[in-house]
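Colleague: return a 3D structure for these sequence lines:
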Amino acid sequence: MKMWLTAILWVAPVTAGSLPVRIAVNPDEASVRAGSSVEVKVELRDAFDKDANTPKDLKIAFTFGVDGGGVKRLDLTIKAGTDSAKVKIPLSAPGVYLLKAAHPYLREGAAYVRVKPASSVLKRSWNPYGTNPFVLANYQPVRSGTIKAQLYYTGDESKLIANGVEKCKIIAYLSEPAPFDIQLRLVSPFANVTPNPIVISIDKDEDEATAELASTVAGDIQLQFVGSRPSDAVMVTRGGEKIVHFAPPISQIRLTLSPPKIMLGRTTGVAVELTDDRDKPTATERELEVALSIDDGHGDFESRTVKIPSGSHGASTNFTPSASGRIKLSARTFGAVTKTPATLDVSMPVLAMILTIIAGLVGGLLAAVRTPPLSGWRIAYSSLGGIVAAFLLYAAAQTGLVPKLPPPATVNFFGATMIGLLGGWIGAEAFNTVLKLAGLPVRQTA
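Modeller: Here you go, the predicted model:
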């Protein structure tokens with residue numbers, strides 16, 4: 001699972017805050033005749049509901065089918081550097097079709113399209129005052145409630161968050177064209193819903209209309225159809241009572257490094273927090289797995305993924321750099337990304353390196369004294385060899401080639417002294433020691 005998460009990370013550099021977190025599905029027609037096609041634009045949106053380009057080719061699973069029935073799947077690709085792709089789908093049988101687009105790391109999007117029978121339907125004339133004209137010879141006045149309406153909610157399929165920006169679309173489909181202007185009214189007992197009441201206005205001679213609602217509080221929002229204007233002109237046969245769920249408004253991930261400046265060989269703590277678009281910590285209602293990545297620089301996380309449990313807004317791990325300089329770290333999870341990468345400044349442990357060289361010189365001198373006879377040439381050779389060997393052993397420990405001497409030991413003054421003395425003592429044999437640890441062929445000595 002972790003390998004799969006790491007494999008789909010987007011590590012290409014992008015403008016801060018521009019990574020997509022959700023998908024929007026927008027068909028060019030809300031209703032078509034059977035046998036027609038509809039063109040659907042699948043768009044990427046960022047945490048602020050703005051268009052967002054993908055830094056690499058992004059494969060989207062697109063499905064469509066009659067609501068509640070079988071579905072067909074198409075795979076489409078949104079090219080790197082773009083924010084959308086289009087797909088044309090044939091709709092042959094009458095019914096209300098559900099269109100969905102999904103990706104493992106993006107909140108999915110959905111839309112509805114109604115497919116009407118291929119034959120034309122004669123419009124019914126309505127005259128509320130009982131006078132001419134009649135359009136059809138067999139005209140019958142519309143009785144109260146004979147126009148039926150079905151309500152569909154995209155919030156059922158789209159993963160909406162309660163940020164007051166993302167909206168649940170409500171689509172009303174009439175059984176026949178409206179003989180006059182009609183309004184459908186829905187209300188919610190929750191004050192955090194806007195607008196409230198919700199009014200769906202259907203113009204004369206039209207048979208469909210939409211309205212939208214948003215919420216600023218996470219949770220289930222109850223909606224109920226309370227009537228129409230004119231009164232009792234419409235009977236709602238589907239969707240008259242509905243619960244729409246808005247998830248906590250998690251749209252960003254904040255990474256905090258402690259400390260933000262370290263020497264090469266040390267480890268820094270990485271705090272991972274879920275926030276809303278105002279940078280306020282926000283708890284998740286289900287367990288989320290956050291994938292961590294390195295945008296710039298080199299190093300490794302203690303764990304490339306961290307799990308944030310339900311009801312919590314954060315977790316932590318550690319990061320160890322493998323090179324000096326400025327390192328940028330980022331993260332993403334389902335529907336959220338880092339707005340600004342965390343920056344870690346890594347400096348070279350100059351004092352520890354100087355101490356290692358001095359200790360190597362001392363170790364080389366001790367090795368020379370231990371094996372007489374002494375001479376100026378032997379002392380110079382042993383001292384120089386001790387310095388070189390100590391530095392080699394220090395570099396090997398920094399890169400993790402010496403299991404007994406982990407990188408943190410190289411920035412500790414006692415550790416640096418020990419590495420220098422050992423390197424100076426064993427001298428040229430340090431080369432064979434490092435080669436063995438690296439799994440490379442060792443040069444045989446006479």
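Colleague: show me where the chain has helices.
Modeller: Shown for the chain, the helices assigned by DSSP state H span residues 2-7, 350-370, 376-398, 407-410, 413-426, 429-438.
Colleague: in the third one, what's buried?
Modeller: Going back to what we said before, that points to helix 376-398. 382-383, 385-398 (16 or more other CB atoms under 10 Å). Using the backbone N, CA and C atoms, a C-beta is placed for each residue, glycine as well.
Colleague: now that helix and helix 350-370, what's the angle there?
Modeller: If you take axes from the mean of the first three to the mean of the last three CA atoms, to 10 degrees, helix 376-398 sits at 140 degrees to helix 350-370.
Colleague: can I get helix 376-398 in CSV? Just the C-alpha atoms.
Modeller: The C-alpha trace of helix 376-398 is given here as CSV (Å, rounded to 0.1, in the frame of the first residue of the first chain):
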residue,chain,number,x,y,z
GLY,A,376,60.4,11.5,10.3
TRP,A,377,59.1,9.9,7.1
ARG,A,378,57.1,7.3,8.9
ILE,A,379,55.6,9.8,11.3
ALA,A,380,54.6,12.1,8.4
TYR,A,381,53.2,9.2,6.4
SER,A,382,51.2,7.9,9.4
SER,A,383,49.9,11.3,10.3
LEU,A,384,48.8,12.1,6.7
GLY,A,385,47.3,8.7,6.3
GLY,A,386,45.4,9.1,9.6
ILE,A,387,43.9,12.3,8.5
VAL,A,388,42.7,10.9,5.1
ALA,A,389,41.4,7.7,6.7
ALA,A,390,39.6,9.6,9.5
PHE,A,391,37.9,11.8,6.9
LEU,A,392,36.9,8.7,4.8
LEU,A,393,35.4,7.0,7.8
TYR,A,394,33.6,10.2,8.7
ALA,A,395,32.1,10.4,5.2
ALA,A,396,31.1,6.7,5.3
ALA,A,397,29.3,7.2,8.6
GLN,A,398,27.5,10.3,7.3
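Colleague: quick one: mean pLDDT for it?
Modeller: For helix 376-398, mean pLDDT rounds to 76.
Colleague: again with the fourth one
Modeller: The predicted model gives helix 407-410 an average pLDDT of 62.
Colleague: please apply the same query to the first one.
Modeller: Confidence over helix 2-7 (mean pLDDT, whole number) is 36.
Colleague: on that earlier part again, out of the helices of the chain, flag the one nearest residue 89.
Modeller: Across the helices of the chain, residue 89 has its closest neighbour in helix 2-7 (29.1 Å, CB to CB).
Colleague: in the stretch 251-400 of the chain, where is pLDDT below threshold?
Modeller: Residues of the stretch 251-400 of the chain meeting the criterion pLDDT under 70: 374, 399-400.
Colleague: about what we covered before: just tell me which of the helices of the chain ends up closest to residue 221.
Modeller: Across the helices of the chain, closest to residue 221 is helix 2-7 (CB to CB), at 32.0 Å.
Colleague: which residues does the nearest residue in space to residue 238 that is not next to it in sequence contact?
Modeller: In space, and not counting its chain neighbours, residue 238 is closest to residue 150: 4.0 Å by CB to CB, 6 or more residues apart in numbering. Residue 150 makes contact with 96, 172-173, 236-239, according to CB atoms under 8 Å, 6 or more residues apart in numbering.
Colleague: for residue 150, list each beta-bridge partner.
Modeller: Counting by DSSP bridges, residue 150 is bridged to residue 173, residue 238.
Colleague: quick one: it from residue 235, how far?
Modeller: Distance, residue 150 to residue 235, by CB to CB, to the nearest Å: 10 Å.
Colleague: same question, residue 89
Modeller: Residue 89 is 31 Å from residue 235, where distance means CB to CB.
Colleague: please apply the same query to residue 342.
Modeller: Here residue 342 is placed at a distance of 57 Å from residue 235 (CB to CB).
Colleague: these two: which is more packed in?
Modeller: Set residue 342 next to residue 235 and count neighbours by other CB atoms under 10 Å: residue 342 wins out with 23 against 15.
Colleague: surely the more buried one touches residue 326?
Modeller: No: at 11.0 Å, residue 342 does not count as touching residue 326 under the criterion of CB atoms under 8 Å.
Colleague: show me the strands in the stretch 51-200 of the chain, by range?
Modeller: Listed in chain order, the strands of the stretch 51-200 of the chain (DSSP state E, counting those that start in this stretch) span 58-66, 72-78, 84-91, 95-103, 106-116, 147-153, 168-174, 182-187, 193-194, 198-202.
Colleague: list the buried residues for the fourth one?
Modeller: By neighbour count, and taking 16+ other CB under 10 Å as the criterion, the buried residues in strand 95-103 are 95-103.
Colleague: over to stretch 176-189?
Modeller: 177-179, 182, 184, 186, 188.
Colleague: what mean pLDDT does it have?
Modeller: Stretch 176-189 comes out at a mean pLDDT of 93.
Colleague: over to stretch 48-66?
Modeller: Stretch 48-66 comes out at a mean pLDDT of 89.
Colleague: list the buried residues for it?
Modeller: Under the neighbour-count criterion of 16+ other CB under 10 Å, stretch 48-66 has 49, 52-55, 58, 60, 62, 64-65 buried.
Colleague: and for stretch 297-316?
Modeller: For stretch 297-316, the neighbour count (16+ other CB under 10 Å) marks 297, 299, 301, 304-306, 308, 313-315 as buried.
Colleague: how far out from the middle of the chain is that stretch?
Modeller: 14 Å (CA atoms, centre = their mean, to the nearest Å).
Colleague: export it as CSV, just CAs?
Modeller: The C-alpha coordinates for stretch 297-316 follow below in CSV (Å, rounded to 0.1, in the frame of the first residue of the first chain):
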residue,chain,number,x,y,z
GLY,A,297,16.8,18.1,-1.8
HIS,A,298,17.7,14.7,-0.5
GLY,A,299,16.9,12.7,2.5
ASP,A,300,14.4,10.2,3.9
PHE,A,301,11.4,10.1,6.1
GLU,A,302,11.1,7.6,9.0
SER,A,303,7.9,6.7,7.2
ARG,A,304,6.8,7.9,3.8
THR,A,305,3.1,7.7,4.9
VAL,A,306,1.5,8.7,8.2
LYS,A,307,-2.0,7.8,9.4
ILE,A,308,-4.3,10.4,11.0
PRO,A,309,-7.0,8.6,13.0
SER,A,310,-10.6,9.5,13.0
GLY,A,311,-11.4,12.5,15.2
SER,A,312,-7.8,13.8,15.1
HIS,A,313,-6.2,16.5,12.9
GLY,A,314,-2.5,15.5,13.1
ALA,A,315,0.3,13.0,13.3
SER,A,316,4.1,13.1,13.2
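Colleague: tell me the bridge partners for residue 22.
Modeller: Counting by DSSP bridges, residue 22 is bridged to residue 45, residue 107.
Colleague: that concludes my questions; thank you for your assistance.
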